[in-house]
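Visitor: Sequence first, then the predicted structure, then my questions.
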2 protein chains.
Amino acid sequence: MPAVSDAEDTAVRAKQIPEAAVARLAVYLRILSGLAEQGTTAVSSEELSAAAGVNSAKLRKDLSYLGSYGTRGVGYEVQVLVSQIERILGLTRQHRVAVAGIGNLGHALANYGGFPGRGFPVEALFDLDPDLIGVPVGGLPVSHMDDIPRVCSEREISVGIIATPPTAAQSVCDRLVAGGVQCILNFAPVVLQVPAHVEVRKVDLAVELQILSFHVARRADSAAGAGGGTPENQGNAGLPGTGRPADNGSGGRNGAGTDGGLGMVVR
Amino acid sequence: MPAVSDAEDTAVRAKQIPEAAVARLAVYLRILSGLAEQGTTAVSSEELSAAAGVNSAKLRKDLSYLGSYGTRGVGYEVQVLVSQIERILGLTRQHRVAVAGIGNLGHALANYGGFPGRGFPVEALFDLDPDLIGVPVGGLPVSHMDDIPRVCSEREISVGIIATPPTAAQSVCDRLVAGGVQCILNFAPVVLQVPAHVEVRKVDLAVELQILSFHVARRADSAAGAGGGTPENQGNAGLPGTGRPADNGSGGRNGAGTDGGLGMVVR
DNA sequence: AGGTGTGAAGCCATTCACAGCG
DNA sequence: CGCTGTGAATGGCTTCACACCT
């Protein structure tokens, strides 16, 4: 492997990591952090993949995007993997977060008072409701939506979370972008329009439920079509660690609102 | 197209619809419902795809999984598409929902008091906290986690939502399964083990944020690597409808907890 | 031996481009 | 003539299987 600068190296590699692999790396990171906490210093691809609910080949491929940090015949050092994944995911920098829409969900997010162990501190809250402005939620006073651009820019917010009703979402999004926010996590059931340099991810609860509904319906229908009852593997309910690990499909989505809605609309 | 029974037809088709397309169909459904409400009776693939943030070829392909319900040279009837998508997604049946873990997020979900316009009524709430048992949240009294199997079975719950801390998630999951729940939406940052007949989807906020972080880091790194500033399309912040529609990557995930955590762990 | 790292093969999803039909 | 519906081409992710290293 040729010698390249570390920053350059990260940049080049990062470009080639499949989106799907990035999502899994985040999962591995959580598991590895847990292992590190309980004092484990080494893992094999087999162990780690089992914990993450993927097969070991996929895990090894995913880790190979980081570089070659394993020892053949042995496995991986937990600490090394943690550092490397953090590096690739950009978790060495701070990402200051703003939450817009302090309704049910917004409250839940804000009460967090600073996100994970490290990396995503909540630094601003926004709402329209006059009764809420200035009131501290999770230790942070709520500002008015009109001040989004100024406050975000002042506090160097880089991540915006939209938890407003769908009707307000685009306007809030525009103000976040004006405030210099680089990425947005959108809980409102709306397709946001953003300039090319802004990254958006959507979480849509309604869609998640409907996908589940689809799978139930499919099973029921095919059972009916085949003419039989449901000859399904029924066993082992209540026995942890016995079933198959649940892999989740693609596309994540969800809806939320300041005024008590999670923004779900079906018909 | 040959004549087959409607149930059989649904079953056969449903088997072949790609998971990714199912997620998008749910999005189209929301948009179509909005159009129907405001009195629109017809749409072209171009219009609908623009609203959904996908290209028209993909939209047509997706709709083709339902059957041929468009009129060439004209477009689609809104009502027809709504009915067909609802049929495929299994939204003609009721899916009774239970929420386990009445913390910040659980509260938000429960306060909903019955999910969308129709289809996913919340019929049971569970928690461990003795102070919470029997207290109505969103009009529904909280039951004890120990009663999950009995209550779920009595009330014919088919969808379970797990909003507990990660440590409790698997045990809650097992009880939900024992109570006959067919699908689970998991907000806890844990890989659940379930029998084959149970469908799980995971929503993980920590992972979503980390994916966003990755993209920011990638941009920053490649800018640094290229030696230049950021020659990015900066324009049009604050101008609705001007930017590109945001498409979201794969894999959805998130974490939540009874006791105020959304279960995020980084390091 | 034993487990990692990875080309190659296979599979699924998206995109293209145009035939077909109203 | 215009827009739908769809085979065929493309591209990306996953799986396989084994060479390679410790």
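Guide: Sure, I can see it.

Visitor: residue contacts, A:A168?
Guide: By Cβ atoms under 8 Å, 6 or more residues apart in numbering or on different chains, the contact list for A:A168 reads A:G101, A:L128, A:M145, A:A188, A:T258. All C-beta atoms are positioned from the backbone trio N, CA, C, and that covers glycine.

Visitor: Run a quick neighbour tally on the residue lying closest to A:G180 once chain neighbours are set aside.
Guide: Nearest residue to A:G180, sequence neighbours excluded (Cβ to Cβ, 6 or more residues apart in numbering or on different chains): A:S153, at 5.2 Å. Residues lying near A:S153 (other Cβ atoms under 10 Å in any protein chain shown) number 13.

Visitor: and if you look at A:T40?
Guide: A:T40: 12 surrounding residues under other Cβ under 10 Å.

Visitor: With A:S171 instead?
Guide: Under the neighbour criterion other Cβ under 10 Å, A:S171 is assigned a count of 14.

Visitor: Now for it, which secondary structure element holds it?
Guide: helix A:166-178 (DSSP states H and E).

Visitor: In this structure A:G134 contacts A:V142, no?
Guide: Yes - using Cβ atoms under 8 Å, A:G134 makes contact with A:V142 at a distance of 6.6 Å.

Visitor: neighbour count winner among those two?
Guide: A:V142 (22 against 10).

Visitor: my hunch is that the more buried one is in a helix, does that hold up?
Guide: No - counting by DSSP: H, G, I helix; E, B strand; the rest coil, A:V142 is not found in a helix; it is strand.

Visitor: Can you give me every residue that contacts it?
Guide: A:V142 is in contact with A:I102, A:L125, A:F126, A:D127, A:L132, A:I133, A:G134, A:V135, A:P136, counting by Cβ under 8 Å, 6+ apart.

Visitor: Show me which pair in the residues you listed is furthest apart.
Guide: A:F126 and A:P136 (13.7 Å; Cβ to Cβ).

Visitor: Quick check: A:A163 touching A:A100?
Guide: Yes - counting by Cβ under 8 Å, A:A100 is a contact partner of A:A163 at 6.6 Å.

Visitor: Looking at those two, which has the bigger crowd around it?
Guide: Remark: of A:A163 and A:A100, A:A163 carries more neighbours, 33 against 30, as counted by other Cβ under 10 Å.

Visitor: circling back: with pLDDT added, can I get the contacts of A:A168 in JSON lines?
Guide: Shown next, in JSON lines, are those (pLDDT from 0 to 100):
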{"residue": "A:G101", "pLDDT": "97"}
{"residue": "A:L128", "pLDDT": "98"}
{"residue": "A:M145", "pLDDT": "98"}
{"residue": "A:A188", "pLDDT": "95"}
{"residue": "A:T258", "pLDDT": "37"}
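
Visitor: Can you lay out those as CSV showing secondary structure, distance to A:R219 and neighbour count?
Guide: CSV is the format used below for those (DSSP: H, G, I helix; E, B strand; the rest coil; distance: Cβ to Cβ, whole Å; neighbours: other Cβ atoms under 10 Å in any protein chain shown):
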residue, secondary structure, distance to A:R219, neighbour count
A:G101, coil, 36, 31
A:L128, coil, 44, 19
A:M145, helix, 44, 19
A:A188, coil, 31, 31
A:T258, coil, 37, 26
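
Visitor: Among those residues, which one lies nearest to DNA strand C?
Guide: DNA strand C lies nearest to A:A188 out of these, by Cβ to the nearest atom of the strand, at 21.8 Å.

Visitor: which non-adjacent residue is nearest the closest one?
Guide: Spatial nearest neighbour of A:A188, excluding adjacent residues (Cβ to Cβ, 6+ apart): A:A169 at 3.7 Å.

Visitor: ok so, going back, what's the overlap in contacts for A:A163 and A:A100?
Guide: Common contact partners of A:A163 and A:A100 (Cβ under 8 Å, 6+ apart): A:G106.

Visitor: got the domain boundaries for chain A?
Guide: With domains defined by automatic domain parsing, chain A comprises A:6-88, A:97-202.

Visitor: With respect to B:N111, which of those domains lies nearest?
Guide: Proximity to B:N111 (Cβ to Cβ) singles out domain A:97-202 among the domains of chain A, at 5.4 Å.

Visitor: And the closest one, end to end?
Guide: Terminal residues of domain A:97-202 are spaced 16 Å apart (Cα to Cα, to the nearest Å).

Visitor: and what of stretch A:191-206?
Guide: End-to-end distance of stretch A:191-206 (Cα to Cα): 14 Å.

Visitor: does DNA strand C sit close to it?
Guide: No - judged by Cβ under 7 Å from any atom of the strand, stretch A:191-206 stays clear of DNA strand C, getting no closer than 14.3 Å.

Visitor: what number of residues lie near A:G39?
Guide: A:G39 has 7 nearby residues by other Cβ under 10 Å.

Visitor: Now do the same contact list for it.
Guide: Contacts for A:G39 were tallied using Cβ under 8 Å, 6+ apart; there are none.

Visitor: Ok, A:R96 next?
Guide: Counted by Cβ under 8 Å, 6+ apart, A:R96 has contacts A:F120, A:P121, A:E123, A:A124, A:R155, A:E156, A:I157, A:S158, A:V159.

Visitor: Sort out for me which of those residues are in strands.
Guide: Under the assignment DSSP state E, these contribute A:E123, A:A124, A:V159 to strands.

Visitor: Using PyMOL, define a selection of the buried residues within the contacts of A:V142.
Guide: In PyMOL syntax, the buried subset of the contacts of A:V142 is picked out as below (16 or more other Cβ atoms under 10 Å in any protein chain shown):
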select buried, chain A and resi 102+125+126+127+132+133
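
Visitor: among the ones in strands among the contacts of A:R96, who's most crowded?
Guide: Neighbour counts for the ones in strands among the contacts of A:R96, by other Cβ under 10 Å, peak at A:V159, which reaches 25 neighbours.

Visitor: Quick check: closest non-adjacent residue to that one.
Guide: Looking at A:V159 with Cβ to Cβ, 6+ apart, the closest residue is A:V97, at 4.6 Å.

Visitor: For A:A246, report the pLDDT, please.
Guide: At A:A246, the pLDDT value in this model is 54.

Visitor: ditto for A:Q16
Guide: Residue-level pLDDT assigned to A:Q16 equals 87.

Visitor: so what's it up against?
Guide: A:Q16 makes contacts with A:Y65, as judged by Cβ under 8 Å, 6+ apart.

Visitor: what about it, distance to A:S83?
Guide: Separation of A:Q16 from A:S83 (Cβ to Cβ, to the nearest Å) stands at 20 Å.

Visitor: same check, this time on A:I161
Guide: Per Cβ to Cβ, A:I161 is found 27 Å from A:S83.

Visitor: Who has more neighbours out of the two?
Guide: Using other Cβ under 10 Å, the more surrounded residue of A:I161 and A:S83 is A:I161, with 30 against 17.

Visitor: Does the more buried one touch A:H95 like I think?
Guide: No - counting by Cβ under 8 Å, A:I161 stays clear of A:H95, with 11.3 Å between them.

Visitor: check whether stretch A:34-51 contacts DNA strand C.
Guide: Yes - contact of stretch A:34-51 with DNA strand C (Cβ under 7 Å from any atom of the strand) involves A:S44, A:S45, A:E46.

Visitor: among those residues, which ones are buried?
Guide: Counted by 16+ other Cβ under 10 Å, the residues of stretch A:34-51 next to DNA strand C give A:S45 as buried.

Visitor: of all the residues of stretch A:34-51 next to DNA strand C, which comes closest to B:C183?
Guide: B:C183 lies nearest to A:E46 out of the residues of stretch A:34-51 next to DNA strand C, by Cβ to Cβ, at 29.1 Å.

Visitor: residues contacting the closest one?
Guide: Listed by Cβ under 8 Å, 6+ apart, the contact partners of A:E46 are A:S56.

Visitor: can you check A:I31 too?
Guide: Residues in contact with A:I31 (Cβ under 8 Å, 6+ apart) are A:L48, A:A51, A:A52.

Visitor: ok so, going back, check whether the residue nearest to A:G180 sits in a helix, strand or coil.
Guide: helix.
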